[in-house]
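Asker: Predicted model and sequence below, questions to follow.
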Amino acid sequence: MRVASRVALRYSELKTSHPCSETSQSLNIRTLTLLFLLAAVAIVVHGYHPFVEDAEIYVPGIKKLLNPALYPYNTGFFASHASRTFFPNVIAWSVRVTHFPLEWVLLLWHFACVLGLLAGCWQLARICFGTARAAWGGALLVASVLTIPVAGTALYIMDQYVNPRSFSTAAVVWILLAVIRRRFISAALISLVTILIHPLMAVFTVVFAVILVGYELRSSPSNYMPALAIVPVALFPPVTSAYRQVLDSHSYFFILQWQWYECLGLIGPLVILWLLGRMAMRKQLLILNSLCASSVIFSAIFFVVTLAITVPPQFARLAELQPMRSLQLIYILLFAISGGALAEYLLRDEVWRWLVLLSPLSVGMFYAQRQLFPDTHHLELPGRNPANQWVETFIWIRANTPLNAYFALDPDHMRLSGEDQHGCRAIAERSMLADRVKDSGAVSMFPALAGTWLEQVSDENGWSRFGAEDFWRLQAKYGVDWVVIPQPGVRGLDCPFHNSTLAVCRVRNQPQNPRTQ
């Protein structure tokens, strides 16, 4: 009861001392309309690619729920993720309720998540600085850098497609807003929903909220760090040789393997937040000071956890926790708060200053995305004809091969020039042998898949030199009956589809005398 009273008293002091009233912090129709337009512009700047990167893991789980006949083989590489989150269920439910095509539902949810994030950042900056000008500074700066890399974590603030992190990224700001406003029941409910969608990111946010409350109570970090340090090591399996190969291919798991510029991406934001916290103390911006100080404490805790995982070899089994992904929350706060500070103390009401800051940022982010997906439309909108030869191939497969077709293709195809990281399973809707790119990511989170993954990718080694005999070997061992191969194809295979880059070929039963083919 004493702790609860102190929390209530402290937050009452913060609320009454803040220059911005609760009513003025609410989002009105005009503000929501402008944020709606800002979200649309942000997507235009950063691009939209619904089936790239991690969508290869999450979209098949959605499609499997909508049509259980899909993916009869090798489902573990996406079903393991799908079984740990309600994200596929939410998207599939949305399709069934609205009767919209899946591609439109994915786009609408992506837009909703971007809008939710920007609206949350608008409110956060307004609470911190007390003015609408600062609120717009926070929202605009976050919108300008949505796809900026988060240090060495292989994350963006917001991906170019909807996935579980899209929900958690939007939700974390609202959880912190609820805590700041001492609406702890609301914070708990949003946290619970977020845990069901993305448990790891939700845990980071809950830890931050605990630190924020602890800082407001002026309690020492040593009072709550032991609780945060409890990790059930026994629940994590030993590191096998196959799993070690996967870990070694994901250097971002281990901070000692980061490049110098990635380390700068860790240290720089903390220095900026510390300086902003000092400024907040001088200007009596109590909430801003609490957020900045909590950010530094939060980062220090997870930095120590990361070192504990990286240095002792026996703790490599904990790498799948990826504690440095906590930096995503720090980056959101960094840009929301920095945008508010820039608007309040530098940009003010001078339009040209806003343009000088935001225009180069937006153009630079647009250019970076075009370099990342150079052979693909910047906006892969529903119904738009693909510009990418690989996507064209995957769409043909979806329309012209049996649901139970089992495919093999270059295990490194998502890294190849011209492929632009598009997922075969996500677009083609067919089973396939494991690849080295996204399936290794699934293995990093679910080590039980490591043996199967290593066996399959080993059998695909030397793909560029494969002949008909190699494909017959895959058919005999795994039941593969279709392959995607580069032009000009392979003698002895029937290839009903081809474009300038690829051919889709059947793998029929091996003839008695292959030399006669």
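Answerer: Thanks, I have the structure now.

Asker: From now on I want contacts and neighbour counts done on CA atoms only, so please keep to that.
Answerer: Fine.

Asker: roughly how far apart are the residue nearest to the spatial centre of the chain and Gly462?
Answerer: Nearest to the mean C-alpha position of the chain, counting by C-alpha atoms, centre = their mean, stands Arg165 at 4.6 Å. Using C-alpha to C-alpha, to the nearest Å, one obtains 35 Å as the distance from Arg165 to Gly462.

Asker: the strands in the stretch 301-450 of the chain, which residues?
Answerer: Per DSSP state E, counting those that start in this stretch, the stretch 301-450 of the chain carries strands over the ranges 406-409, 431-432.

Asker: my read: Leu342 touches Trp136, true?
Answerer: No: counting by C-alpha atoms under 8 Å, Leu342 sits too far from Trp136 to count as a contact (10.4 Å).

Asker: Who has more neighbours out of those two?
Answerer: The residue with the greater number of neighbours, taking Leu342 and Trp136 and applying other C-alpha atoms under 10 Å, is Trp136; the counts read 26 against 18.

Asker: what's near enough to touch the nearest residue to the more buried one once chain neighbours are set aside?
Answerer: The shortest distance from Trp136 to any residue that is not its chain neighbour, by C-alpha to C-alpha, 6 or more residues apart in numbering, is 6.0 Å, and that residue is Trp122. Residues near Trp122 by C-alpha atoms under 8 Å, 6 or more residues apart in numbering: Ala135, Trp136, Gly137, Gly138, Ala139, Ala336.

Asker: Show me those that map onto strands.
Answerer: Applying DSSP state E to the contacts of Trp122, no entry is found in strands.

Asker: from the residues you listed, which single one is nearest Gly451?
Answerer: Gly451 lies nearest to Ala336 out of the contacts of Trp122, by C-alpha to C-alpha, at 43.5 Å.

Asker: For that closest one, give its distance to Ile185.
Answerer: Relative to Ile185, Ala336 is positioned 24 Å away (C-alpha to C-alpha).

Asker: likewise Leu66?
Answerer: Using C-alpha to C-alpha, one gets 34 Å for the distance from Leu66 to Ile185.

Asker: residue contacts, the residue lying closest to Glu53 once chain neighbours are set aside?
Answerer: If you skip the residues right next to it in sequence, Glu53 has Gln421 as its closest partner in space, 5.6 Å away by C-alpha to C-alpha, 6+ apart. Shown here is Gln421, whose contacts under the criterion C-alpha under 8 Å, 6+ apart are Val52, Glu53, His413, Met414, Arg415.

Asker: Ok, Ala92 next?
Answerer: Contacts here follow C-alpha under 8 Å, 6+ apart; on that basis Ala92 touches Ile62, Lys63, Leu65, Leu66, Leu102.

Asker: Quick check on these: which are buried?
Answerer: With neighbours counted by 16 or more other C-alpha atoms under 10 Å, these contain buried members at Ile62, Lys63, Leu65, Leu66, Leu102.

Asker: And those residues, which is closest to Val44?
Answerer: Comparing the buried ones among the contacts of Ala92 against Val44 with C-alpha to C-alpha places Leu102 closest, at 20.5 Å.

Asker: wouldn't the closest one be in contact with Arg96 here?
Answerer: No: with contact defined as C-alpha under 8 Å, Leu102 does not reach Arg96; the gap is 9.4 Å.

Asker: what touches both of those two?
Answerer: Common contact partners of Leu102 and Arg96 (C-alpha under 8 Å, 6+ apart): none.

Asker: For the residue nearest to the centre of the chain, which non-adjacent residue is closest in space?
Answerer: Using C-alpha to C-alpha, 6+ apart and skipping residues adjacent in sequence, the residue nearest Arg165 is His198, 6.5 Å away.

Asker: okay, now that neighbour: neighbour count?
Answerer: For His198, the count of nearby residues is 22 (other C-alpha under 10 Å).
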